[in-house]
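Asks: Coordinates only, no sequence provided:
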């Protein structure tokens, strides 16, 4: 269907069937090689460019098939012994002698019937290419501007503009073969690269299944170690965690399978594109090579555009089980000690997982943060209260002038915080921002994770900086973290500067309790990232 295939009369119906009533559809998959070709709504299938190489090969095959049967002379019907590619006729002995006696036939390519089956004879069997516009003129020139073969009349009459560069094909023969060789090398490299990536994905898929089974075995072993203490709750938790493993496995398997199929499809397209330049390199004439180069370049460009952006596996295929120590603990603590399931995740999640103790094991929360923040935060840990100190001076020492920043707070098992594009400092002033927001990842009202954007007209009160306390969002202290918040109560008057979720009213008990579970609260951890 595409430029490398001949049209046999059924392509118009094929295009009409795919296009239907929608004339805007102009790109179609070739039913032969799966590559795409473009046909405008006002074009006919016959207008698709042809491949001289393919046409010549088909003609040669037809001649060879005919030569294998009992072939008669095209002139007198006696048994043929020779074939003239220039005259396109089989000849008996008598007609061959008559043919060779004419001076005009001196340069004709005549081969014996036995020679027709010889691959080395295929070059001699090819006909000269004649101009479609000037039928008696041979295509002996190449317009580098139009990238097409042309005859001497075309050079004189059509390709006469100053910016047209026409050269004799004999002058660029070696250059074009070198270009074709480079195209073959490029396709070989893409094929090797794709195969390597596909093999890697297959290995990760195998490892994923093995790791999933290993994680389940470890969960079972840990469960049996503490089963005597809290059998019923432990079984319930173990079942949930096995489900988590299966869920993570299915997610990762789905990602890898999708990537596997995409990579396989891409490889098939590369593989389908390799044969033409290689066959041209081995058997093609210079005319065929030159006329096909534009097509090959277009295929390589299309393959480059279609090449999957990420050749590495979309995830590392790991599912890890992280057990905790068993000791004299309460029933709830024992259930929690069963651990959690971790799966292979993108690099950003791995970075958060390593740097944040608040978000440990909270993959879903990481995904929400990634969605909200995109590239606004690089997730470099600037400050952790339990590590760097709880005082306001400790906060400012590690966080001032490092914006944009993300503040994470954990209190009463709630996880919340805020983002600002402004720098923290100790100047005792408000800072203007259009993009700052508060967020809640886990709350006592069981609302799904949400963000609270700044209210229109309140942008000048986005954050408040003071040496006497930690991060403070909003002019009315929507979120106020005091100094030493692990022993001194911080508070939230959510809704003054930042928008509350639907159904919540500013200054109500429900609004004040939303972020931390209560209006005044002690924090168990604070982390700041930039």
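Replies: Thanks, I have it. Just so we're clear, the structure is a prediction, and the values are computed from it rather than from any experiment. Numbers count the residues shown, from 1 in each chain.
Asks: From here on, just use CA atoms for contacts and neighbour counts.
Replies: Will do.
Asks: Not counting residues beside it along the chain, what's closest to residue 365?
Replies: residue 441 (6.2 Å; Cα to Cα, 6 or more residues apart in numbering).
Asks: tell me the SS of that neighbour?
Replies: strand (DSSP: H, G, I helix; E, B strand; the rest coil).
Asks: isn't residue 252 right up against residue 315?
Replies: Yes: contact criterion Cα atoms under 8 Å: residue 252 and residue 315 qualify, at 7.0 Å.
Asks: With neighbour numbers in mind, choose between these two.
Replies: residue 252 (23 against 19; other Cα atoms under 10 Å).
Asks: and that one, what are its phi and psi?
Replies: Dihedral pair for residue 252: phi -70, psi -40, per degrees, to the nearest 10.
Asks: Next, find the distance separating it from residue 316.
Replies: 9 Å (Cα to Cα, to the nearest Å).
Asks: Kindly report the same for residue 82.
Replies: From residue 82 across to residue 316, the span is 65 Å (Cα to Cα).
Asks: Within its local environment, how many residues does the residue nearest to residue 365 see?
Replies: By other Cα under 10 Å, neighbour count at residue 441 equals 23.
Asks: Also residue 282?
Replies: By other Cα under 10 Å, neighbour count at residue 282 equals 9.
Asks: same for the helix or strand hosting it, what does it pack against?
Replies: Here residue 282 is covered by helix 231-283, with elements defined by DSSP states H and E. Applying 3 or more Cα pairs under 8 Å, 6 or more residues apart in numbering; DSSP states H and E, we find helix 231-283 packed against helix 169-226, helix 286-306, strand 319-321, helix 331-336, strand 341-343.
Asks: Under a three-state scheme, what state does the residue lying farthest from the centre of the chain occupy?
Replies: Relative to the centre of the chain, the most outlying C-alpha is that of residue 94, 66.1 Å out, by Cα atoms, centre = their mean. Recorded secondary structure, residue 94: helix (three-state DSSP).
Asks: And for residue 132?
Replies: coil.
Asks: circling back: correct me, but the residue nearest to residue 365 touches residue 415?
Replies: Yes: here residue 441 reaches residue 415: they are 5.4 Å apart, a contact under Cα under 8 Å.
Asks: ranges for the strands of the stretch 51-200 of the chain?
Replies: Applying DSSP state E, counting those that start in this stretch to the stretch 51-200 of the chain gives strands spanning 82-84, 89-91, 110-112, 141-143, 148-150, 166-168.
Asks: of those strands, which approaches residue 283 most closely?
Replies: Closest approach to residue 283 among these is made by strand 110-112 (17.6 Å; Cα to Cα).
Asks: buried stuff in the closest one?
Replies: The neighbour-count check on strand 110-112 (16 or more other Cα atoms under 10 Å) flags 110-111 as buried.
Asks: Just checking the distance from it to the centre of its chain.
Replies: Computed by Cα atoms, centre = their mean, to the nearest Å, the chain-centroid distance of strand 110-112 equals 53 Å.
Asks: Let me see the contact set for residue 458.
Replies: Contact analysis of residue 458 by Cα atoms under 8 Å, 6 or more residues apart in numbering lists residue 497.
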